[in-house]
Each structure stands twice: as structure tokens, then as C-alpha cells.
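Student: sequence and predicted model, in that order:
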Amino acid sequence: MPQIPAVNQSKWESTLAFVSQELGVTKAFLRDFVIPAWVHPADSKEADQVSAALRDLALVLRVPTDRLTNQTSPLVLDVAASRCKGTLPEMLSQQKPARIMAEVLGRHLVGVLDDEAWPRLFSADQLRALLLNSTEVIDLDALTNLCWDLNIPVAHLSKAPTHAPHAMAINVDGRCAIVLIRNQKHQGWHLFDLAHELGHVMLGHVKPGEAIVDGAGINLDQSEEDEANQFAFQLLTGSPMGLSLSRVTNAERLLQICLQASPRYCVDPQWLIVCIGYNWPTTYWGVCVKALGLGWPDNDAPKLVELLLLRQLKKREVGRMRLAMIRTFAVREAKAA
């Protein structure tokens, strides 16, 4: 591997410092979670390694190359594709780094789909039936795999910057992806986020070239949010309305109630706890959080989503290899004939 001249290496490092400052993240975070492995001068075979890497980095960040090379501030004027209607300016500014990271990740995800376009649209009831044909309980594992089967890749934005939204649905030229961002270990939170974002996709809310960002402090078109919520509730529990309890109970009792109710609703009891929490006054969220900790102390939802992502990537790579072999044999047979 040829060595990069010191002056060029210094230029690359100064660019990383500039980008990390503009996005509000560390250079280490930038290297590990934003820039793909192939965007690095040491991996480039171009004559001008740094220039090639800078062009690739500009492409990843969706900014003109000269804005990057000239270190023009602000680097990213806005996440043009993101819809965050009604959001306070200070909230938009705080969440901007996380939204950019999620959008970059989403654009890499749709690349896995090759030329597969917009997925077939299903109602919440149809998707619930599909899930219950293969599983007795709808959980994060089952719903994530269903999304992949629908050609909607799913990933979690690990170690998202502070002030991150909950999730994002993105549409790149008709190919859709979902990025989970919420910094929570328990699957119940992410199960609802995934069902909600899937609702946005299935209901046609996410137009080509657009991303919808959901999370605390973000106020999108309320009618679309209500529709996506109803879709999620219908998919997960068979009802368009959330569940609630007539009285406040302690964490131990809430856990017991939801474990008993899980077979009836055919859904992860973690989601039942979260669902009830959404319909309680915010002062009682602590009861739900404690119940989740009591029932599943070692849960790691982001890790699960990561493992499912790696499994899908491996499966699809094998699929492409098999397709290439079939095409090769077909060409040989055609020539022989």
C-alpha cells in the first residue's frame, strides 16, 4: 500500500477536523460511523488519493466538493430531504448532526437493494397476518425481518450524537429504508418506532427524495403522524387505538399484567408496557421503565438490529453470487447452443 505524502495526509486530517466540527461530532465518530470504509485515501488507487477521497466524502455527505475542499462554513446548509415541520429552530439545530448521520446511513442501506424499487404496499392488518403466519408473538426480530422481506432495510444508528430523534424513514429514488436512532436498550421502544416508520412507508407519506424524522420535540404533519400511529397500533395489537389501564399500578404488577396479556394480543409484552405508558400521564413513565428493567435486565435492542443487518447483508451477498452463477451458466449454454 503506497504511503500518503505528509502534506496530503495533513489535508485529509484537517478536512476531517472541519467536518467533525461542522457536524458536532468527534473525528473518531466520523471515521467509525459516518464515513464508509472505502472513503479513505489509504484505500484509493487514484493518482491523487486525497482528492479522490474528498470527492467520495462530499458524495456521502451530499455537499458540493468545493464546499468541502474550501472548508466553507456552514458545511451542510440543511438536511434538504428531511421533513420536520413545526419544529423549534433550536431543536432543529440540536438534532441536525444525528439527522445527517441517519440520512447518510439510510442512503447506504438502500444501496443493498440494487435496483429494487418501492416495496409493495400492505395494510396494517395484512402485515399483521403475514407476521402471525410465521410467529406466535410479534417482536422486534420478527418485524425487522419482515421489513427486509418487503425490501425495506433496517439499521440502528449506533452511538448517535446527543439530541437525537427517535427514528427516520427515507426514500431514495423509490427505494426505502428505516433507521432507528432512539438510545434505548429495550426492544419495546424500538418495536413501536419501527412499526410507526413502516406505517409512513406503507401509507405513502415518504415521497422520493424525502425523509421523515420522528422523535421528541419534532412536530410533523399531525394527520400523517396520527395515521402512522394508528397503523402501528393496528399492526402490533390488532387495534388502531393504544392500550391503557384504568388505574396506576406498580412496576411489578404492570409487568405481570403485560406478560399475561401478551399471548392474547400476540405481541411482545415489552410493547404492551410501552403502549400503556403512552396512554398514561408522563409522570408515570418511571413505572414503565422500571417494569422493563425488571423483566428484561440484559436487553440490547440495537445489538439485535445490528445482528439482523449483518445476517441480511450476508444472505443478499450470497443471493447475488448465486444470481451471477446462474447468469454465467445461462450465457455458456446459449453459446454452446
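Tutor: Yep, it's here.

Student: tell me the secondary structure for Thr135?
Tutor: coil (DSSP: H, G, I helix; E, B strand; the rest coil).

Student: so what's it up against?
Tutor: Neighbour list for Thr135: Ala142 [criterion: CB atoms under 8 Å, 6 or more residues apart in numbering]. Any C-beta I mention is one placed from the backbone N, CA and C, and that applies to glycine too.

Student: show me where the protein has its helices.
Tutor: With helices called from DSSP state H, the chain shows them at 6-23, 27-29, 49-61, 65-69, 89-110, 124-132, 140-149, 187-202, 222-237, 251-265, 269-278, 285-295, 301-336.

Student: list the buried residues in the third one.
Tutor: Pointing back at helix 49-61 there. For helix 49-61, burial by neighbour count (16 or more other CB atoms under 10 Å) applies to Gln49, Val50, Ser51, Ala52, Ala53, Leu54, Arg55, Asp56, Leu57, Ala58, Val60, Leu61.

Student: now the two most distant members of those residues.
Tutor: Gln49 and Leu61 (18.7 Å; CB to CB).

Student: okay, now the unreliable bits of the stretch 1-150 of the chain?
Tutor: Across the stretch 1-150 of the chain, the ranges flagged by pLDDT under 70 are 1-9, 23-25, 29, 32-34, 36-48, 59-62, 74, 76-93, 114-118.

Student: how about the nearest residue to Asp125, chain neighbours excluded?
Tutor: Of all residues not flanking Asp125 in the chain, Gln234 sits nearest, at 6.5 Å (CB to CB, 6 or more residues apart in numbering).

Student: so how far is Tyr265 from that neighbour?
Tutor: Counting by CB to CB, to the nearest Å, the gap from Gln234 to Tyr265 is 12 Å.

Student: ok, now Ser123?
Tutor: 18 Å.

Student: for Gly242, same thing?
Tutor: 12 Å.

Student: can you check Asp226 too?
Tutor: Noted for Asp226: a distance of 21 Å to Tyr265, by CB to CB.

Student: Asp300 now?
Tutor: The value you get for Asp300 to Tyr265, if CB to CB is used, is 24 Å.

Student: neighbour count winner among the two?
Tutor: Shown here are Asp300 and Tyr265; by other CB atoms under 10 Å, Tyr265 has more neighbours (19 against 13).

Student: so who does the more buried one touch?
Tutor: Contacts of Tyr265 by CB under 8 Å, 6+ apart are Leu236, Thr237, Gly238, Leu272.

Student: mind checking pLDDT for the second one?
Tutor: Put plainly, it is Thr237. We have a pLDDT of 90 for Thr237.

Student: which non-adjacent residue is nearest it?
Tutor: Nearest non-adjacent residue to Thr237, counting by CB to CB, 6+ apart: Tyr265, 4.9 Å away.

Student: same thing with the first one?
Tutor: Across the structure, with CB to CB, 6+ apart as the measure, the residue nearest Leu236 apart from its sequence neighbours is Val267 (5.0 Å).

Student: can you count the residues close to Gln260?
Tutor: 11.

Student: same question but for Gln270, I mixed them up
Tutor: 28.

Student: doesn't His190 make contact with it?
Tutor: No - Gln270 is beyond contact range of His190, at 9.4 Å (criterion: CB atoms under 8 Å).

Student: identify the residues contacting the residue nearest to Leu236.
Tutor: Contacts of Val267 by CB under 8 Å, 6+ apart are Val137, Ile138, Asp139, Leu236, Thr237.

Student: for it, name its beta-bridge partners.
Tutor: As for beta bridges, Val267 partners with Ile138 under DSSP bridges.

Student: how many residues are close by the closest residue to Asp141 other than its chain neighbours?
Tutor: Of all residues not flanking Asp141 in the chain, Leu304 sits nearest, at 6.5 Å (CB to CB, 6+ apart). A count of nearby residues for Leu304, using other CB under 10 Å, gives 17.

Student: can I assume Leu304 is in contact with Leu143?
Tutor: No - between Leu304 and Leu143 there is no contact under CB under 8 Å: 11.3 Å.

Student: against Asp149, how distant is Gly188?
Tutor: Relative to Asp149, Gly188 is positioned 22 Å away (CB to CB).

Student: out of those two, which sits in the busier spot?
Tutor: Neighbours of Gly188 and Asp149, each counted by other CB under 10 Å, are more numerous for Gly188; the result is 28 against 12.

Student: list the residues that contact the more buried one.
Tutor: So Gly188 contacts Asp268, Gln270, Trp271, Leu272, Ile273, Val274, Leu292 (CB under 8 Å, 6+ apart).

Student: most neighbours out of these, which is it?
Tutor: Trp271 (30 neighbours).
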